[in-house]
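Trainee: coordinates for the following, if possible.
(one chain, ligands or ions: 1)
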Amino acid sequence: MFETIEYHIADEGYALISLNRVEARNAISFQMTEELKEALQQAREADIKCLVLTGNGTEAFCSGGDLNDFHWDMSDNEAFKALYSMKEVLYDLARFPVPTLAVLNGSALGGGCELATACDFRYGSPDGSYGFIQGQLGITAGFGGGSLLYRRLPSLIAYQMLVESEAYSATKCVSIGWMQDVFDPSDIKEEMKRLLEPFISKSVEQLKEFKQQYIRFEFPISLSADMDEEVRRCSTIWGNALHKEVVDSFLSEKNS
Ligand SMILES: CC[C@@H](C(=O)O)C(=O)SCCNC(=O)CCNC(=O)[C@H](O)C(C)(C)COP(=O)(O)OP(=O)(O)OC[C@H]1O[C@@H](n2cnc3c(N)ncnc32)[C@H](O)[C@@H]1OP(=O)(O)O
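Mentor: Predicted coordinates:
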């Protein structure tokens, strides 16, 4: 039984995972991390054509790590341990045996953008904003999503996205190739049909083979080690003054 996500297999033969902490803009808590791991395991064992990851609500797909759980005040080792669990989720998603689609019902920021990047294809709401904003928080991407970004985009574009640390519009995301298409969120049922049709119309065997080809080409053995190193390096700068200042300010605004 899940509390922070919803999970089901649709009649059309795909698994749907919906982040379900609308009141916190679907921020990734430690509990959500564990539930995502479990749902991915269940989906892996099911006979499905593709996996869809989305968020409930209209504001945000995911606002990143929950800043109450992923607090600045962790030692390097504690930060590594906390972040590493999400690295495992992202790695599982990236190597998931059938295609994965992130249907971004709203903004994807920080760790939320990393989570979306771990999916093969991204479709976004025109009103959302999307970005690896961690640079504004005094850190780098902590879940290993930078290593994935370098494999999804031309390296200089990925580098620019990480260094700028800005939230981009959907139009810009499409233009750089991070997002495959924009959908009309007011007609989500019809739009899901449209987005899923190329997948649902193939057999499970075909889709597994397409995905295996992609994994062989794009995700060589070094991916996991690269992600581990990225998480380790982020952990070593976790407790810096800017990170403390930004997170404290966010939490004090929340509590005022
Ligand atoms: C920690 C891992 C690290 C990584 O390694 O990658 C990261 O993920 S860093 C990035 C962390 N994320 C952020 O800094 C984004 C913070 N959130 C926002 O900027 C905004 O909330 C939003 C996503 C742009 C949505 O704005 P809006 O629709 O105006 O909602 P509110 O700001 O009013 O938020 C509503 C509600 O949700 C709480 N919230 C939002 N994001 C988080 C979060 N990441 N962690 C915990 N809680 C979050 C926010 O505090 C509000 O709560 P209440 O005040 O109780 O209503």
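Trainee: and the residue of the stretch 151-256 of the chain found nearest the ligand, what is it in contact with?
Mentor: Shortest the stretch 151-256 of the chain-to-the ligand distance, computed as C-beta to the nearest ligand atom: residue-wise this is residue 254, at 3.9 Å. Quick note: C-beta positions are derived from backbone N, CA and C, even for glycine. By C-beta atoms under 8 Å, 6 or more residues apart in numbering, the contact set of residue 254 is empty.
Trainee: and the pLDDT at residue 126?
Mentor: What the model reports as pLDDT for residue 126 is 97.
Trainee: now it: how far from the ligand?
Mentor: Remark: distance between residue 126 and the ligand (C-beta to the nearest ligand atom, to the nearest Å) = 16 Å.
Trainee: now swap in residue 146 and tell me
Mentor: Using C-beta to the nearest ligand atom, residue 146 is found at 9 Å from the ligand.
Trainee: pretty sure that residue is touching residue 135, no?
Mentor: No: with contact defined as C-beta atoms under 8 Å, residue 146 does not count as touching residue 135 (10.6 Å).
Trainee: off-centre distance for the stretch of helix or strand the residue of the stretch 151-256 of the chain closest to the ligand belongs to?
Mentor: Residue 254 is part of helix 241-255, with elements assigned from DSSP states H and E. Taking C-alpha atoms, centre = their mean, to the nearest Å, one finds helix 241-255 lying 23 Å from the centre of the chain it belongs to.
Trainee: how about that helix: buried residues?
Mentor: 243, 244, 246, 247 (16 or more other C-beta atoms under 10 Å).
Trainee: equivalent analysis for stretch 144-163, please.
Mentor: Within stretch 144-163, the residues that count as buried by 16+ other C-beta under 10 Å are 144-153, 158, 161-162.
Trainee: in JSON lines: the residues you listed, plus secondary structure and pLDDT.
Mentor: What follows is the buried residues of stretch 144-163, written out as JSON lines (DSSP: H, G, I helix; E, B strand; the rest coil; pLDDT from 0 to 100):
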{"residue": "144", "secondary structure": "coil", "pLDDT": "98"}
{"residue": "145", "secondary structure": "helix", "pLDDT": "98"}
{"residue": "146", "secondary structure": "helix", "pLDDT": "98"}
{"residue": "147", "secondary structure": "helix", "pLDDT": "98"}
{"residue": "148", "secondary structure": "helix", "pLDDT": "98"}
{"residue": "149", "secondary structure": "helix", "pLDDT": "98"}
{"residue": "150", "secondary structure": "helix", "pLDDT": "97"}
{"residue": "151", "secondary structure": "helix", "pLDDT": "97"}
{"residue": "152", "secondary structure": "helix", "pLDDT": "97"}
{"residue": "153", "secondary structure": "coil", "pLDDT": "98"}
{"residue": "158", "secondary structure": "helix", "pLDDT": "98"}
{"residue": "161", "secondary structure": "helix", "pLDDT": "98"}
{"residue": "162", "secondary structure": "helix", "pLDDT": "98"}
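Trainee: so which residues on the stretch 151-256 of the chain come close to the ligand?
Mentor: Neighbours of the ligand within the stretch 151-256 of the chain, by C-beta under 6 Å from any ligand atom: residue 254.
Trainee: in the stretch 151-256 of the chain, where is pLDDT below threshold?
Mentor: Applying pLDDT under 70 to the stretch 151-256 of the chain flags residues 256.
Trainee: try 80 this time
Mentor: 254-256 (pLDDT under 80).
Trainee: run through the strands of it in chain order.
Mentor: Here the stretch 151-256 of the chain has its strands, by DSSP state E, counting those that start in this stretch, at 168-169, 181-182.
Trainee: the first one - contacts with which helices or strands?
Mentor: Of the remaining helices and strands, those touching strand 168-169 by 3 or more C-beta pairs under 8 Å, 6 or more residues apart in numbering; DSSP states H and E are strand 129-131.
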